[in-house]
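Q: Okay, sequence plus prediction incoming.
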Amino acid sequence: MAFVVGAVFSALLVFGLLIDRAQFFHAYLVGFIFWIGITLGSTALLMLQHLTGGAWGLIIRRVLEAATRTLPLMLILFLPILLGLNQIYSWTNKAAMDQVPALREKTAHYLNPAFFTIRAAVYFAIWLVMVWLLNTWSLQNDRTANRRLLKRLQMLSGPGLGLLIITITFASIDWVMSLDPAWSSTIFGLIFVASWSLSALAFGILVMSWLARHKPMDAVVRTSHFHDWGNLMMALVMLWMYFAFSQYLIIWSGNLPEETVWYVARKHDGWGVIALAIVILQFAFPFLTLLSRAAKNSPQRLGMLALLILIMRVVDVIWLIEPSFNREHFHLSWMDIVATIGVGGLWIATFAWQLQKRALVPINDPQLEQALTAHAGH
């Protein structure tokens, strides 16, 4: 079903390419950034779980692993962005960039198509190796119950998490921040680390709230697992807001024209309303809701909250990207939604296919019995 939806909306997006080539690539970037965020955010959460242990990550591990295995699909889906560089990034117009000395330096040494492509290849190579090791060693442990494999996963996850944060930071700078080549922010990458991890956890909770109503997971997933995921979701919501507000506060207090122009484009007309909605529905409402133990203990309520956060994450990505192309007036395109659904259909179809290939719980993990026993009374 997901593949059919993805195919239909992708075909609709191709129609959009025929009528407005530039808007097609702008919208496609929105869809790509949102869904690769869940893939890479799942990788971060997976490594966090291997580092810290605990029942929260053990029960959701297979969902996170299946999400990480969509990375080859995202590599293929990155190719249209390379083909549309001239439509997406203003720094590809060398003549225009050469008129500004600071931008001339950037385009000469960093923002140029060849180096952009090389960096993207390096990011994907690092991510693919991480994902392959995380999934291969986990599967081997399922088959052999070799404790040394779990130790390897833990040893990989420490430096791996640091490397992942660095590569996500540079990828977000390349793919999103460079839409405004004259603007820069030192916190921008950390905002993406937090928001992509939040997207991944929200997606994982949504999947687990569905699996918990069906066999065999209805006998495995406990109320207390949802409570743990709710606590982690609240932490990530707060972390995202901390980074986002810190960036705004630093730029507001500096009051430099070259820095404030980014926010000016995102606070006028409808963008200001959308920014307020993001603050309320991606931070304030989830935060206040997650203060309630009853909300965290309810799979249905937590699942609905996760769905709301995912919807607002799409809105947030649109807010980050679209004003870069329409600075003078508010503009939204139907293609922004179509691209997100089109890419999402293909992503979810791949995710579902990967999820079916393995047992839904890591059957030979020594912590599994303890996790189930410790939570059985809740």
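A: Perfect, I can see it now. Predicted, not measured: the structure shown is a model, and the values here were computed from it.
Q: Quick check: Val338 touching Leu12?
A: Yes: in terms of Cβ atoms under 8 Å, Val338 counts as a neighbour of Leu12; the distance is 5.3 Å. From N, CA and C alone the C-beta is placed, and that goes for glycine too.
Q: more neighbours, the two?
A: Val338 (22 against 15; other Cβ atoms under 10 Å).
Q: Secondary structure element for that one, which one?
A: Element membership of Val338, judged by DSSP states H and E, is helix 334-355.
Q: now for that helix, which elements pack on it?
A: Counting contacts by 3 or more Cβ pairs under 8 Å, 6 or more residues apart in numbering; DSSP states H and E, helix 334-355 packs against helix 2-19, helix 21-52, helix 55-68, helix 71-77.
Q: Can you list the buried residues in it?
A: For helix 334-355, a neighbour-count test (16 or more other Cβ atoms under 10 Å) marks 335-351, 354-355 as buried.
Q: hmm, back to that, mind checking which of the helices and strands packed on helix 334-355 is nearest Gln154?
A: Nearest of the helices and strands packed on helix 334-355 to Gln154, taken as Cβ to Cβ: helix 21-52 at 5.2 Å.
Q: what about the stretch 101-250 of the chain, any weak spots by pLDDT?
A: For the stretch 101-250 of the chain, applying pLDDT under 70 flags the ranges 102.
Q: what angle separates the helix holding Val338 from helix 55-68?
A: Relative orientation of helix 334-355 versus helix 55-68 (axes from the mean of the first three to the mean of the last three Cα atoms, to 10 degrees): 110 degrees.
Q: Can you show me the helices along the stretch 251-378 of the chain?
A: With DSSP state H, counting those that start in this stretch, the ranges of helices along the stretch 251-378 of the chain come out as 257-264, 269-279, 285-290, 293-297, 299-321, 334-355, 368-376.
Q: what residues does the fourth one touch?
A: Contacting residues not belonging to helix 293-297 are listed as 223-224, 226-227, 229-231, 289-290, 301-302, 305 [Cβ atoms under 8 Å, 6 or more residues apart in numbering].
Q: do you know how far the residue of the chain most remote from its centre is from Ser199?
A: Centroid-distance maximum for the chain: Gln99 at 35.5 Å, with Cα atoms, centre = their mean. Going from Gln99 to Ser199 by Cβ to Cβ, to the nearest Å gives 38 Å.
Q: contacting residues around Ile191?
A: Counting by Cβ under 8 Å, 6+ apart, Ile191 touches 172, 240, 243-244, 247.
Q: Assign a three-state SS to it, would you?
A: helix (DSSP: H, G, I helix; E, B strand; the rest coil).
Q: so what pLDDT did the residue nearest to Tyr263 when sequence neighbours are not counted get?
A: With sequence-adjacent residues excluded and distances taken as Cβ to Cβ, 6 or more residues apart in numbering, Tyr263 is closest to Ile251, at 6.4 Å. For Ile251, the model assigns a pLDDT of 90.
Q: Against which helices or strands is the helix or strand where Phe124 lies packed?
A: In this structure, Phe124 sits in helix 113-144 according to DSSP H and E. Judged by 3+ Cβ pairs under 8 Å, 6+ apart, the packing partners of helix 113-144 are helix 21-52, helix 55-68, helix 71-77, helix 147-175.
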